[in-house]
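Enquirer: Next comes the sequence, and after it the predicted model I'd like to discuss.
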Amino acid sequence: GAVVSQHPSRVICKSGTSVKIECRSLDFQATTMFWYRQFPKQSLMLMATSNEGSKATYEQGVEKDKFLINHASLTLSTLTVTSAHPEDSSFYICSAPDRVEYTEAFFGQGTRLTVV
Amino acid sequence: TQLLEQSPQFLSIQEGENLTVYCNSSSVFSSLQWYRQEPGEGPVLLVTVVTGGEVKKLKRLTFQFGDARKDSSLHITAAQTGDTGLYLCAGAENTGFQKLVFGTGTRLLVSP
């Protein structure tokens, strides 16, 4: 099946710094990717939709200037957490659908971000 | 915002027991998916149901999509310790971009 690779799997950063998370579709092209955030023992909450060649679409309540999304190519989307704070510590997961007519989405392995 | 409520939130059972997890919404979805997630990993797709009333079986797991496409259930027969994990249902909105709304999650613990 299709594979989505996310990097890094874990990152610890200091408050005030920025962290970039990469999401790659390894064997298919993804014009759209999705970024989710998951707090401990909770479900996935959609943060934004990443669109290749255009601006990302953010969900209500998600600060676009804080969570910068760049869909640089048909196989790569990046999420940059800017000026990170401890409350940004979370599990970030990306997904990419490989077909338009079906609803199958493939998920990355996730990135555990800890801001100290 | 479409919401998917799962019940129960947490389930602790012995190996060999049967269980059912429910996923309910007041909204209609074009399709619904079930995932299992291990700690520190991304969700892994178990099944996609598309047609109202559809029933799919995956070994010991039986998935059902409600007739009105608003609810779904996951039934596990003779649970095993390897079934332990977080089970998530997710509904696909009719946007054409496979945008998923995730359920609140059910944490299952199967003890030997």
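Expert: Nice, I can see it.

Enquirer: Could you use CA atoms for every contact and neighbour count after this?
Expert: Fine.

Enquirer: Tell me which helix or strand in chain B has the weakest average pLDDT.
Expert: Lowest by mean pLDDT, DSSP states H and E among the helices and strands of chain B is strand B:100-102, with a mean of 88.

Enquirer: pLDDT below threshold where in chain B?
Expert: Low-confidence segments of chain B (pLDDT under 70): B:1-2, B:94-98.

Enquirer: follow-up on the earlier one: partner strands of the least confident helix or strand of chain B, with direction?
Expert: Strand pairing for strand B:100-102, using DSSP bridges, gives strand B:85-92 (antiparallel).

Enquirer: quick one: the helices in chain B?
Expert: Read by DSSP state H, chain B holds no helices at all.

Enquirer: Nearest the geometric middle of chain A, what residue?
Expert: A:Trp35 (3.6 Å; Cα atoms, centre = their mean).

Enquirer: Could you report the distance from the residue nearest to that residue when sequence neighbours are not counted to A:Gly16?
Expert: Excluding its sequence neighbours, the residue lying closest to A:Trp35 (Cα to Cα, 6 or more residues apart in numbering or on different chains) is A:Cys94, at 4.5 Å. Applying Cα to Cα, to the nearest Å, the value for A:Cys94 to A:Gly16 is 23 Å.

Enquirer: Those two: which has the busier surroundings?
Expert: Neighbours per residue, other Cα atoms under 10 Å in any protein chain shown: of A:Cys94 and A:Gly16, the larger number sits with A:Cys94, 32 against 14.

Enquirer: Quick check, the more buried one in contact with A:Tyr36.
Expert: Yes. Here A:Cys94 reaches A:Tyr36: they are 6.0 Å apart, a contact under Cα atoms under 8 Å.

Enquirer: in the chain, which spans are strands?
Expert: Here I'm looking at chain A. Secondary structure of chain A by DSSP state E: the strands cover A:4-7, A:10-13, A:19-25, A:32-38, A:44-51, A:57-58, A:67-73, A:76-81, A:90-97, A:105-107, A:111-115.

Enquirer: that's the other chain; I wanted chain B
Expert: B:5-7, B:10-14, B:19-24, B:31-37, B:44-49, B:55-58, B:61-65, B:71-76, B:85-92, B:100-102, B:106-111.
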